[in-house]
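Colleague: structure, please.
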Amino acid sequence: MMHFRNDAEVVHHTCNRTRMRVPDRRGDSLYFDAACRLISELPGVTSATANRHSASIIILHNTEFQMECVTAALHGAALAAPQGETDIAELGGDYFPQSTERVARRTGNLASMILQLAVAVLCGAALTHVLELLAKNLIQFALRAIAAEVESGSVA
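Modeller: Numbering: from 1, shown residues only. The predicted structure is shown next:
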């Protein structure tokens, strides 16, 4: 069961190949590009390729590879490409104007954080860990909101 966004699951693993899936990032090319770049730099990794449509990453590796290192790389990719930051050109067709899109993104992020907290508490996750993640998400949310207001010129 997946509790927090950016969680990855190992779908298949052999001695020299691992396939992971990050379902909450399906279609997010910025995230998968950053993830492949960071994973490719890990010791023992010979190559990393991603398919954003299937939300999967294939890692070819040797015996030096340590699966624990992938978590840090995926976290770094999440920071490099925050969820919801999608290139409008990739969406195709009609899209919402920027102000409506920004409000929808804020509302979706807040609802996602509240849902994450509820699921984690119900599933018995350590409350301190949950509160730490919630606080981190709220701080990132606030920083993005401030940056957006500074860019739009609404803050003097």
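
Colleague: going forward, measure contacts between C-alpha atoms and count neighbours the same way
Modeller: OK.

Colleague: backbone phi and psi for G27, please?
Modeller: With angles defined as degrees, to the nearest 10, G27 sits at phi 90, psi -10.

Colleague: need the contact list for the nearest residue to it once chain neighbours are set aside.
Modeller: Closest residue to G27 apart from its sequence neighbours, by Cα to Cα, 6 or more residues apart in numbering: R52 at 4.7 Å. The contact partners of R52, taken as Cα atoms under 8 Å, 6 or more residues apart in numbering, are 25-29, 32.

Colleague: of all the residues you listed, which comes closest to Q116?
Modeller: R25 (15.5 Å; Cα to Cα).

Colleague: which residues touch the closest residue to the closest one other than its chain neighbours?
Modeller: Spatial nearest neighbour of R25, chain neighbours left out: A55 (6.4 Å); criterion: Cα to Cα, 6+ apart. Residues in contact with A55, defined by Cα under 8 Å, 6+ apart, are 21-27.

Colleague: next, give me the two most distant ones among these.
Modeller: In terms of Cα to Cα, those reach their longest pairwise distance at R21 and G27, which sit 12.0 Å apart.

Colleague: in terms of neighbours, single out the busier of the two.
Modeller: A count of neighbours by other Cα atoms under 10 Å puts R21 above the other of R21 and G27, at 22 against 17.

Colleague: nearest residue to the more buried one in space, ignoring adjacent ones along the chain?
Modeller: Ranked by Cα to Cα, 6+ apart and with sequence neighbours excluded, the top spatial neighbour of R21 is S56, at 4.2 Å.

Colleague: I'd say L42 and E68 touch.
Modeller: No: with contact defined as Cα atoms under 8 Å, L42 does not reach E68; the gap is 10.6 Å.

Colleague: what about the two, which has more around it?
Modeller: Relative neighbour count places L42 above the other of L42 and E68, with 18 against 8, counting by other Cα under 10 Å.

Colleague: what helix or strand is the more buried one on?
Modeller: Taking DSSP states H and E as the criterion, L42 maps to no regular element, lying outside all helices and strands.

Colleague: do you know how far it is from T14?
Modeller: According to Cα to Cα, to the nearest Å, L42 stands 18 Å off from T14.
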